[in-house]
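Peer 1: next one to model:
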Amino acid sequence: MSKEANCILIVDDEQMITDSISAYLELTTDLHVFTANDPVEGLKCVDQYPIDLVISDFLMPEMNGLEFLRRVKEIQQDATLILLTGYADKENAIRAINQIGLYYYIEKPWNNEELVKIIYNGLEKKSLISELREKIEELQISKSEINRLYNLLKVEYENEKENIENVIISLAKAIEAKDKYTEGHTERVKELAVKVGQKLKLPAEKLKIIKTAAMIHDIGKIGVPEAILNKPGKLTQEEFAVIEKHSIIGEEICKPLNTLVATRKIVRTHHEKLDGSGYPDGLVGEEIPLESRIITVVDIFDALYSDRPYRAKLSLERCIEILEEDVRLGKLDGKVVKLLVNMIRQGEIEL
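Peer 2: Alright, predicted model coming up:
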């Protein structure tokens with residue numbers, strides 16, 4: 001049958017009651033009314049047709065109204081349930097509200113107009129519950145789709161991140177290939193900076209930033225002529241000005257990559273000094289990120305402890321003296337220098 005009008009079922013063992021209610025409803029409403037005079041027949045109807053609302057008597061042969069409505073709920077869980085009771089059955093009707101989700105109970109004798117209002121209110125409630133359930137299902141589907149897309153994006157992000165890391169490693173190697181005296185410099189700076197960061201108990205996210213920044217801190221040297229990078233003698237003032245630009249060039253190279261947002265500031269500031277004598281911005285004290293202060297210290301140490309175009313590497317003790325002197329002059333972070341020196345002397349860092 002067509003499901004245009006709401007279908008209701010009236011079940012009562014007295015045919016006069018089912019006939020009178022159905023006649024009144026068919027005259028005054030647009031409802032499609034089914035009737036049954038015993039619960040078994042009523043269940044057959046519920047099993048066969050899409051019933052929106054059931055009105056059942058309480059006292060009936062074979063099974064009472066509560067058991068009947070419980071069976072209805074098992075077949076059509078969204079059906080709205082109304083119980084017809086006598087005054088003496090009120091207590092059972094109230095109990096049924098909690099037990100089987102009874103929508104309403106009506107005491108005999110009833111008022112037909114009031115009954116119609118109750119029926120339509122019950123049907124409206126059913127409609128709202130059905131709409132709500134559909135919305136919940138839609139939300140669940142949307143949530144599932146969002147989770148699916150999130151997982152896809154996560155995979156793409158991880159792949160992209162891996163690609164970025166490969167690019168970073170390639171750029172670091174390209175820098176070292178250009179500057180023959182700094183082979184292995186970025187790797188050593190990375191290892192030292194991460195170990196110092198770990199000793200400072202920095203969170204994993206900051207350690208990750210330090211690791212990446214250390215690998216590409218000199219990326220801007222791509223823009224510095226090899227003749228200047230590999231000059232065996234002392235640089236002129238003009239040549240040193242070109243070298244100083246590598247921090248800014250490095251930041252510009254990082255800008256297009258969203259994954260390097262936190263890193264690019266470190267790349268720009270790794271030659272700043274606490275007393276404002278560094279470059280490119282002359283930052284002072286806490287204006288310089290801790291990550292930069294760490295990389296600055298280990299960068300200077302590795303440069304001192306390595307062969308350079310203009311000199312052979314210095315002894316370990318001389319390197320430490322220079323670092324500690326810069327601390328006294330207010331140029332380097334004393335805590336970072338002390339940690340690095342202690343870790344070297346205690347064998348926590350192998351050189």
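
Peer 1: contacts only, for the residue lying closest to residue 41 once chain neighbours are set aside.
Peer 2: Leaving aside its chain neighbours, residue 41 sits nearest to residue 11 (7.9 Å; criterion: Cβ to Cβ, 6 or more residues apart in numbering). The way it works is simple: take the backbone N, C-alpha and C, and place the C-beta from them, glycine included. Contact analysis of residue 11 by Cβ atoms under 8 Å, 6 or more residues apart in numbering lists 18, 35-39, 41-42, 54-57, 60, 65, 68.

Peer 1: which of those residues are buried? Put it as a ChimeraX command.
Peer 2: Burial among those is assessed by 16 or more other Cβ atoms under 10 Å; the matching ChimeraX selection reads:
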select :18,35,36,37,39,42,54,55,56,57,60,65,68
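
Peer 1: of the contacts of residue 11, which is the nearest to residue 313?
Peer 2: residue 54 (93.3 Å; Cβ to Cβ).

Peer 1: do a quick rundown of the strands in the stretch 1-150 of the chain.
Peer 2: 7-11, 32-36, 53-57, 80-85, 104-107 (DSSP state E, counting those that start in this stretch).

Peer 1: nearest to residue 320, of the ones you listed?
Peer 2: strand 80-85 (85.2 Å).

Peer 1: could I get the helix or strand where residue 208 lies in PDB with only the CA atoms?
Peer 2: Secondary structure assignment for residue 208, by DSSP states H and E: helix 204-216. Output in PDB follows, covering the C-alpha atoms of helix 204-216 (Å, rounded to 0.1, in the frame of the first residue of the first chain):
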ATOM      1  CA  ALA A 204      60.200  16.800  21.100                       C
ATOM      2  CA  GLU A 205      58.800  19.500  18.800                       C
ATOM      3  CA  LYS A 206      61.600  21.900  19.700                       C
ATOM      4  CA  LEU A 207      64.200  19.200  19.200                       C
ATOM      5  CA  LYS A 208      62.700  18.500  15.800                       C
ATOM      6  CA  ILE A 209      63.000  22.200  14.900                       C
ATOM      7  CA  ILE A 210      66.600  22.300  16.100                       C
ATOM      8  CA  LYS A 211      67.400  19.200  14.000                       C
ATOM      9  CA  THR A 212      66.000  20.700  10.800                       C
ATOM     10  CA  ALA A 213      67.300  24.200  11.400                       C
ATOM     11  CA  ALA A 214      70.800  22.800  12.100                       C
ATOM     12  CA  MET A 215      70.800  20.900   8.800                       C
ATOM     13  CA  ILE A 216      69.900  24.000   6.800                       C
END
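
Peer 1: got the contact list for that helix?
Peer 2: By Cβ under 8 Å, 6+ apart, helix 204-216 touches 165, 168-169, 171-172, 186-187, 189-190, 193-194, 197-198, 202, 250, 254, 260, 262-263, 266-267, 270, 290-292, 294-295, 298.

Peer 1: among those, name the ones in helices.
Peer 2: 165, 168-169, 171-172, 186-187, 189-190, 193-194, 197-198, 250, 254, 262-263, 266-267, 290-292, 294-295, 298 (DSSP state H).

Peer 1: buried among the residues you listed? Need that as a selection in ChimeraX.
Peer 2: Applying 16+ other Cβ under 10 Å to the ones in helices among the contacts of helix 204-216, the buried members can be selected in ChimeraX as follows:
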select :168,171,172,186,187,189,190,193,194,197,250,254,262,263,266,267,290,291,292,294,295,298
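
Peer 1: the residue most central in space within the chain and residue 144, how far apart?
Peer 2: Geometric centre of the chain, nearest residue: residue 150, 8.6 Å, by Cα atoms, centre = their mean. The gap separating residue 150 from residue 144 is 11 Å, by Cβ to Cβ, to the nearest Å.

Peer 1: quick one, helices of the stretch 251-351 of the chain?
Peer 2: 261-269, 290-304, 316-328, 334-345 (DSSP state H, counting those that start in this stretch).

Peer 1: list the buried ones in stretch 279-297?
Peer 2: In terms of neighbour count (16+ other Cβ under 10 Å), stretch 279-297 has its buried residues at 279-280, 283, 288-297.

Peer 1: coming back round to it: average pLDDT across the helix holding residue 208?
Peer 2: Model confidence over helix 204-216, given as mean pLDDT, is 92.

Peer 1: how about stretch 44-61?
Peer 2: For stretch 44-61, the per-residue pLDDT averages 91.

Peer 1: just stretch 113-127 next, same as before
Peer 2: 90.

Peer 1: kindly export that stretch (C-alpha atoms) in CSV.
Peer 2: Extracted as CSV, the C-alpha positions of stretch 113-127 are listed here (Å, rounded to 0.1, in the frame of the first residue of the first chain):
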residue,chain,number,x,y,z
GLU,A,113,-11.2,15.6,20.2
GLU,A,114,-8.6,15.2,22.9
LEU,A,115,-7.7,11.8,21.4
VAL,A,116,-7.1,13.3,18.0
LYS,A,117,-4.7,15.9,19.5
ILE,A,118,-2.8,13.2,21.3
ILE,A,119,-2.5,11.1,18.1
TYR,A,120,-1.2,14.1,16.1
ASN,A,121,1.2,15.1,18.8
GLY,A,122,2.5,11.5,18.9
LEU,A,123,2.9,11.4,15.2
GLU,A,124,4.8,14.7,15.2
LYS,A,125,7.1,13.4,17.9
LYS,A,126,7.7,10.3,15.8
SER,A,127,8.5,12.5,12.8
